[in-house]
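[1] Quick one, structure for this:
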Amino acid sequence: MESPWDDNITNDTHNRESHWEKLSSDFTNTGYREGITAGKEGALQEGFDSGFAETGAPLGKELGRMRGISAAILALANKGFLQGDSHIVEETRTIANQLANIRFSDIALPDLEAEEHAREHMERTGEDMVMDSEELEEKKNVESLEDMLAGMSAGSRADDQPRRPTMLDFEDLKKRLESVASQLGLRGMLS
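    Okay, the predicted model is just below:
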């Protein structure tokens, strides 16, 4: 019988056990990381699907429909079908211009829970609060430039800068457009 103190047997057995423990640990860690990643991706997709279905799509559809109705009324006016209704045409033109100025980000409520979660995560991991991508940063820069240019006119002052529309403004435009449609005998177009 061989001695347990024999260097060759002990080293060989120890090397195999050590190698097995390392492989087992590596596979466990890899599986854990992949599970975390899959969980995050699943939750992210679920959150996106929910937000899109409950907020994004209905709000975008409503804004698009209102823009389409106002554009159709103006097209009818341009073809001469609304003779004598100049106040309705002017009101529709005003509504259409204001609808064109609305961005989705103006009327969609921010997801405060998601923003708070992101802040907590950033604080825990020590990450800086930065934009997620160059595309988002570029979009924000373009919107700022658009806002600045919209406020520039021959007679404007710094304190006359236009404010961004809100959901209340959007709802008001909807009521005004419903009134125009009703006056034209187009009841129920926005309901």
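[2] In the protein, where is pLDDT below threshold?
    By pLDDT under 70, the low-scoring segments of the chain are 1-14, 111, 114-115, 127-137, 139-140, 146-162, 188-191.
[3] show me the biggest helix of it in terms of residues.
    Assignment by DSSP state H gives helix 7-51 as the longest helix of the chain.
[4] Show me what it packs onto, helices and strands only.
    Counting contacts by 3 or more C-beta pairs under 8 Å, 6 or more residues apart in numbering; DSSP states H and E, helix 7-51 packs against no other helix or strand. Where C-beta positions appear, they are placed from N, C-alpha and C, glycine not excepted.
[5] Repeat the analysis, applying 10 Å as the threshold.
    For helix 7-51, the contact count by 3 or more C-beta pairs under 10 Å, 6 or more residues apart in numbering; DSSP states H and E identifies helix 112-125 as packing neighbours.
[6] what packs against the helix it packs on?
    Here helix 112-125 touches helix 7-51, going by 3+ C-beta pairs under 10 Å, 6+ apart.
[7] just how off-centre is the helix it packs on within its chain?
    34 Å (C-alpha atoms, centre = their mean, to the nearest Å).
[8] In terms of secondary structure, what does the helix or strand that it is followed by contact?
    Counting by DSSP states H and E, the next helix or strand C-terminal to helix 7-51 is helix 57-78. For helix 57-78, the packing partners by 3+ C-beta pairs under 10 Å, 6+ apart come out as helix 86-100, helix 104-107, helix 167-183.
[9] For Asp26, which of these is the nearest?
    Relative to Asp26, the nearest member of the helices and strands packed on helix 57-78 by C-beta to C-beta is helix 104-107, separated by 44.7 Å.
[10] what sits up against the closest one?
    55-56, 59-60, 62-63, 139-140, 143, 163-171 (C-beta atoms under 10 Å, 6 or more residues apart in numbering).
[11] count of neighbours near Ala181?
    Using other C-beta atoms under 10 Å, Ala181 has 21 neighbouring residues.
[12] Same question for Val180.
    When neighbours are counted by other C-beta under 10 Å, Val180 registers 22.
[13] Likewise for Ser86?
    For Ser86, using other C-beta under 10 Å, the count is 10.
[14] That one and Ser105: what is the separation?
    Separation of Ser86 from Ser105 (C-beta to C-beta, to the nearest Å): 34 Å.
[15] do His117 as well
    Taking C-beta to C-beta, one finds His117 at 19 Å from Ser105.
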